[in-house]
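Participant: no sequence on this one, just coordinates:
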């Protein structure tokens, strides 16, 4: 699992930068085909090392989210930028809900068909690969290039870490990208430890815990696909960001305090709402502060930092859960969110406001 996020950390800026130079469409098509091949290779693997290679390739080609978000930035007006970024989050949330269910279903179908890869439980990865390839065919037919030749940047590629450092040093946008990393880092503490908490302390079954995660996904789909579209014209991007940080911090701290099931429900609802507000607000604001010819590169750095958070968060969260206390990862996550909140308050006067009607 770590090698997948590691590959995304390294390759998200590369895909974004290449899309700035050669256009979004070829990068998206190539990465969709590559992801399909990687999943099918995973399904056919008979050894651990082939599984590792397959996940590495999946991470490399799955890093195309930076290009997809740059595509959205190309085709949306500034006032709709954050709303459109929210749709990306809603799509991820929907996948978070449907993916495990479909994986379990096709895993059972595979076991009915046979027991050795690519059948058995591995059959779910075959279906995932076919979905990617079908997506590539659909994109080939309907996806038009969004970046005109005259706005394509032919900038020299820099080493990955140097490129990230250059972007982080930029005023306002760099601080927002650091907050993007912190949001992923804090969430990864929860993802690594919540399953363990409800199984160890409350004796939840794997199915019950999975339904709990699915509920968080439903909340995020509703928030990013519907709720922010209603709230943005009223309160704008920067207020939505602050509200999201408060809700997410309360949700993580609330999980640490949980004693009754109703309190857990409130805490994870706040967590889902807060995450649904934060991610599109940050992505939209960063995009608004970035020149058109650098959208792919900047979105690549965003996703690279998010992947870094998903690498480091489970390590620290798992250690804290085992060696400190079961509630410790959630306190750490809440503290990270509070740090982001302080940064958001300090940056507040300099944040863009495009979606709010009659903004000051």
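Facilitator: Arrived safely. All figures in this text were calculated on a predicted structure; none of them were measured in a lab.

Participant: rest of the way, CA atoms for contacts and neighbours
Facilitator: Fine.

Participant: same for the lowest-mean-pLDDT helix or strand in the chain, what does it pack against?
Facilitator: Least confident helix or strand of the chain, by mean pLDDT, DSSP states H and E, is helix 160-168 with a mean of 73. Packing contacts for helix 160-168, counted by 3 or more CA pairs under 8 Å, 6 or more residues apart in numbering; DSSP states H and E, involve helix 2-22, helix 173-202, helix 295-323.

Participant: Which of those sits closest to residue 285?
Facilitator: Closest to residue 285 of these, according to CA to CA: helix 173-202, at 7.8 Å.

Participant: isn't residue 247 right next to residue 273, touching?
Facilitator: Yes - under the criterion of CA atoms under 8 Å, residue 247 makes contact with residue 273 at 6.9 Å.

Participant: Show residues contacting the host helix or strand of residue 72.
Facilitator: Residue 72 is part of helix 65-75, with elements assigned from DSSP states H and E. Contact partners of helix 65-75, identified using CA atoms under 8 Å, 6 or more residues apart in numbering, comprise 12-13, 15-16, 19, 24, 27-28, 81, 84-85, 88, 146-147, 287, 292, 295-297, 299-303.

Participant: relative to helix 65-75, how tilted is the longest helix that the chain contains?
Facilitator: Longest helix in the chain by number of residues (criterion: DSSP state H): helix 81-113. Regarding helix 81-113 and helix 65-75, their directions subtend 140 degrees when assessed with axes from the mean of the first three to the mean of the last three CA atoms, to 10 degrees.

Participant: Flag every buried residue along helix 81-113.
Facilitator: 81-97, 99, 103, 106-111 (16 or more other CA atoms under 10 Å).

Participant: Equivalent analysis for stretch 244-263, please.
Facilitator: So for stretch 244-263, counting by 16+ other CA under 10 Å, buried means 244-256.

Participant: Let's have those in JSON lines, adding secondary structure and pLDDT.
Facilitator: Output for the buried residues of stretch 244-263, formatted as JSON lines (DSSP: H, G, I helix; E, B strand; the rest coil; pLDDT from 0 to 100):
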{"residue": "244", "secondary structure": "helix", "pLDDT": "94"}
{"residue": "245", "secondary structure": "helix", "pLDDT": "96"}
{"residue": "246", "secondary structure": "helix", "pLDDT": "96"}
{"residue": "247", "secondary structure": "helix", "pLDDT": "96"}
{"residue": "248", "secondary structure": "helix", "pLDDT": "95"}
{"residue": "249", "secondary structure": "helix", "pLDDT": "95"}
{"residue": "250", "secondary structure": "helix", "pLDDT": "94"}
{"residue": "251", "secondary structure": "helix", "pLDDT": "94"}
{"residue": "252", "secondary structure": "helix", "pLDDT": "94"}
{"residue": "253", "secondary structure": "helix", "pLDDT": "93"}
{"residue": "254", "secondary structure": "helix", "pLDDT": "91"}
{"residue": "255", "secondary structure": "helix", "pLDDT": "89"}
{"residue": "256", "secondary structure": "helix", "pLDDT": "86"}
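
Participant: related to what we said a few turns ago, of all the helices and strands packed on helix 160-168, which one is nearest residue 55?
Facilitator: Closest approach to residue 55 among the helices and strands packed on helix 160-168 is made by helix 2-22 (5.6 Å; CA to CA).

Participant: which helices and strands does the closest one pack with?
Facilitator: Applying 3+ CA pairs under 8 Å, 6+ apart, one finds that helix 2-22 contacts helix 24-44, helix 48-62, helix 65-75, helix 160-168, helix 295-323.

Participant: Looking at those, which is nearest to residue 194?
Facilitator: The closest of the helices and strands packed on helix 2-22 to residue 194 is helix 295-323. By CA to CA, the value is 9.8 Å.

Participant: The helix or strand just after the closest one vs helix 173-202, what angle?
Facilitator: Following helix 295-323 in sequence order, the next helix or strand is helix 328-347 (DSSP H and E). Here helix 328-347 points in a direction 160 degrees away from that of helix 173-202 (the same axes, to 10 degrees).

Participant: Give me the angle between helix 328-347 and helix 295-323.
Facilitator: Calculated by the same axes, to 10 degrees, helix 328-347 forms an angle of 140 degrees with helix 295-323.

Participant: in helix 328-347, what's buried?
Facilitator: For helix 328-347, the neighbour count (16+ other CA under 10 Å) marks 328-338, 340-341, 343-344, 347 as buried.

Participant: again with stretch 10-25
Facilitator: For stretch 10-25, by 16+ other CA under 10 Å, it's 10-25.

Participant: With stretch 66-81 instead?
Facilitator: Going by neighbour count (16+ other CA under 10 Å), the buried part of stretch 66-81 is 66-74, 78-81.

Participant: Stretch 276-295 too?
Facilitator: The neighbour-count criterion (16+ other CA under 10 Å) identifies 276-288, 290, 292-295 as the buried residues of stretch 276-295.

Participant: hmm, back to that, so after the longest helix of the chain, what's the next helix or strand?
Facilitator: Reading on from helix 81-113 to the C-terminus, the next helix or strand found by DSSP H and E is helix 123-142.

Participant: Which strands and helices lie in contact with that following helix?
Facilitator: Against helix 123-142 (3+ CA pairs under 8 Å, 6+ apart) you get helix 24-44, helix 81-113.

Participant: Test my guess that residue 237 contacts residue 285.
Facilitator: Yes - with contact defined as CA under 8 Å, residue 237 and residue 285 form a contacting pair (7.3 Å).
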